[in-house]
Structure formats: C-alpha cells, structure tokens
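**Q** 3D, please:
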Amino acid sequence: MNRRSFLAASAAAMAAPGLLRAQPATTLKFIPQIDLAVLDPHGTTAYVTRGHGHMVFDTLYGMDAQFRPHPQMVEGHVVENDGRLWTLTLRPGLLWHDGEKVTSRDCVASIRRWAKRDALGQALLDATDELSAPD
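**A** Numbering: from 1, shown residues only. Next up, the predicted model:
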C-alpha cells in the first residue's frame, strides 16, 4: 500500500463513521486513579481503599443515594431510655469468609477499632457510656 492509497482510505473511513462503529460493550472495566495497595480502610485515607471497602465489607447500616441510613448487617434496633440505650439485633446467617458466624462481640471490636482512628468515631465513643455485646 502506498501513501496516497492509505490517505485516501483513511479519508473515506473518516467520512463514513457508521462503518467504524465499535462492538457493543458487555463488560465494564474500571481503572482507579492509583493501584489498590492497602486493603484496610481503617489504615489509610486513600479513596481507592475507601471505595474498595464499600464494595467488599458489610457495615451495620448502609447509606442510600440521599445519605439516609438503612440496616445492612442489622435486622433491627430498639431505642429506649430517651434515646440513650440502643439495642441492635444482627441479621441471622451473617458469616465470615471462612464460614464462621459473625457475633456481636465481633461488631463491638470492629467499632472500637474504627473509632480509634476516626474523628467521628472518637466523638461517638466519648458520648457513649457503654458499648457492649451482651450475647
């Protein structure tokens, strides 16, 4: 192919974009701004780690698009004593990756771990008289 025929073919291809349509996409590929180096969302402030954490880990309550909390790991809760006592009940059937049952003690330990590293968590624990797992 010589240069003139290549230029003519290129010009014809650009003049008829309908002939160069891409195949319909069947897979969404996402490329974050940086590599995911840390998997623990409590150990870094990187957005890629936070996004990974939201996609992989369950939380007691999740937020919808209007930032309203909805139960995720929690089946329900009871508020008593003028809002000073909250009793949360976990959904049945919650399991760890190894098949072990998720317990309330696990949740308390996770909340304490998060609260040590997060300003909101520290403020919440400061305002909390007791955080326990009675059963």
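
**Q** report the secondary structure state of the residue nearest the centre of the chain.
**A** Nearest to the mean C-alpha position of the chain, by Cα atoms, centre = their mean, lies His54 at 0.6 Å. State at His54, reduced to three classes by DSSP: H, G, I helix; E, B strand; the rest coil: helix.

**Q** any idea how far Leu85 is from it?
**A** Plainly put, His54 is 29 Å away from Leu85 if you go by Cβ to Cβ, to the nearest Å. Where C-beta positions appear, they are placed from N, C-alpha and C, glycine not excepted.

**Q** now the helices for this protein?
**A** 3-15, 47-56, 104-117, 119-126 (DSSP state H).

**Q** list the buried ones in the third one?
**A** By that I understand helix 104-117. Neighbour-count burial for helix 104-117, counted by 16 or more other Cβ atoms under 10 Å, picks out 107, 111, 114-115.

**Q** what does it rub up against?
**A** Residues outside helix 104-117 that contact it (Cβ atoms under 8 Å, 6 or more residues apart in numbering) are 42-43, 60, 73, 88, 90, 121-122, 124-125, 131-135.

**Q** by how many degrees do that helix and helix 119-126 diverge?
**A** With axes from the mean of the first three to the mean of the last three Cα atoms, to 10 degrees as the basis, helix 104-117 and helix 119-126 are set at 120 degrees to each other.

**Q** how far does helix 104-117 sit from the chain's center?
**A** 17 Å (Cα atoms, centre = their mean, to the nearest Å).

**Q** can you dump the C-alpha atoms of that helix in PDB for me?
**A** Output of helix 104-117 as PDB, limited to C-alpha atoms (Å, rounded to 0.1, in the frame of the first residue of the first chain):
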ATOM      1  CA  SER A 104     -22.000  -9.100  68.400                       C
ATOM      2  CA  ARG A 105     -18.500  -9.200  70.000                       C
ATOM      3  CA  ASP A 106     -17.000  -9.000  66.500                       C
ATOM      4  CA  CYS A 107     -19.100  -5.900  65.800                       C
ATOM      5  CA  VAL A 108     -18.100  -4.200  69.100                       C
ATOM      6  CA  ALA A 109     -14.400  -4.900  68.400                       C
ATOM      7  CA  SER A 110     -14.700  -3.500  64.900                       C
ATOM      8  CA  ILE A 111     -16.500  -0.300  66.100                       C
ATOM      9  CA  ARG A 112     -13.800   0.200  68.700                       C
ATOM     10  CA  ARG A 113     -11.000  -0.300  66.100                       C
ATOM     11  CA  TRP A 114     -12.700   2.200  63.700                       C
ATOM     12  CA  ALA A 115     -13.300   4.700  66.500                       C
ATOM     13  CA  LYS A 116      -9.600   4.900  67.500                       C
ATOM     14  CA  ARG A 117      -8.700   6.100  64.000                       C
END
